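Enquirer: Everything below, folded, please.
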Amino acid sequence: MSGPRAGSGSGDAARRVRLSRLVALVLRHRPEEVGLSLDEGGFVAVDALSQALAAQPGWDSITANDLVALAQADPRRYEVRDGRIRARYGHTVSIEQPGEQALPPEWLYCGTAPAEAARMTDAGLRPAGRQHVHLSTTPQAALEVGRRHAPDAVVVVVFARRAAAAGIEFRRAGPGLFLTGVVPPEFLLVPADAQSAAAPR
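Expert: Okay, here's the model as predicted:
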């Protein structure tokens, strides 16, 4: 892996964005490429991660303090605990315990493209290339996430408390974020306009 030399670019904000992308790549998808392995919760020692990243071309000045500061600046994405760091969500590598099992609120929300929302009426809500479905606690946050992938994103409501009562497991991954597996269609409310937009003409 390589990246721009730390400290180059347009300043601290740009440097933090580049570092965040690199850390996310390692902690979510490719820890083995820098010689790391994650524990069952997705954690790795901050010192080990900083040393692994510092060995990558262009990142030799990265320190453990940089990683702690990154996590503190973005607590929804990263968590530091007892000298260890993890990405809270988005994993494609196998994580046995991505967060603490928790009773969800009455409703959770998923922002997605209209065509994908329409498919959920039959197939339910399923992870797309990741281990878990990511659900927001507010429709506004879900819409923001959805618009990163589809400008015309819609929000699907998940009847989370009902799903939990039926045995579906939810885990709290961070502030305003829950993770789960497959959610059957009977626990979803798909916007009518998404269904009609995807219907054959």
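Enquirer: Tell me which stretches of the chain form helices.
Expert: 12-24, 46-54, 64-73, 114-123, 139-147, 160-165, 192-198 (DSSP state H).
Enquirer: Of all the ones you listed, which one comes closest to Ala102?
Expert: Using C-beta to C-beta as the measure, helix 160-165 is the one of these that comes nearest Ala102, at 9.1 Å. All C-beta spots, glycine's among them, are computed from the backbone N, C-alpha and C.
Enquirer: Buried residues of that closest one, list them for me.
Expert: For helix 160-165, burial by neighbour count (16 or more other C-beta atoms under 10 Å) applies to Ala160, Arg161, Ala163, Ala164.
Enquirer: quick one: which of these is nearest Ser20?
Expert: Distances from Ser20 to the buried residues of helix 160-165, taken by C-beta to C-beta, are shortest for Ala160, at 28.5 Å.
Enquirer: if we can go back for a sec, for the helices of the chain, which one sits closest to His91?
Expert: Short answer: helix 12-24, nearest of the helices of the chain by C-beta to C-beta, at 10.0 Å.
Enquirer: re earlier: tabulate the helices of the chain (CSV), appending distance to Leu38.
Expert: What follows is those, written out as CSV (distance: least, C-beta to C-beta, whole Å):
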stretch, distance to Leu38
helix 12-24, 13
helix 46-54, 10
helix 64-73, 15
helix 114-123, 29
helix 139-147, 23
helix 160-165, 27
helix 192-198, 36
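Enquirer: least reliable of these going by mean pLDDT?
Expert: Across these, helix 192-198 has the smallest mean pLDDT, namely a mean of 63.
Enquirer: Out of the buried residues of helix 160-165, which comes closest to Asp122?
Expert: The closest of the buried residues of helix 160-165, once distances to Asp122 are taken by C-beta to C-beta, is Ala163, at 17.1 Å.
Enquirer: I'd like the distance between the spatially closest residue to that closest one that is not a sequence neighbour and Leu135.
Expert: Nearest residue to Ala163 in three dimensions, chain neighbours excluded: Phe187, at 4.2 Å (C-beta to C-beta, 6 or more residues apart in numbering). Note on Phe187: its distance to Leu135, by C-beta to C-beta, to the nearest Å, is 11 Å.
Enquirer: Good, wrapping up.
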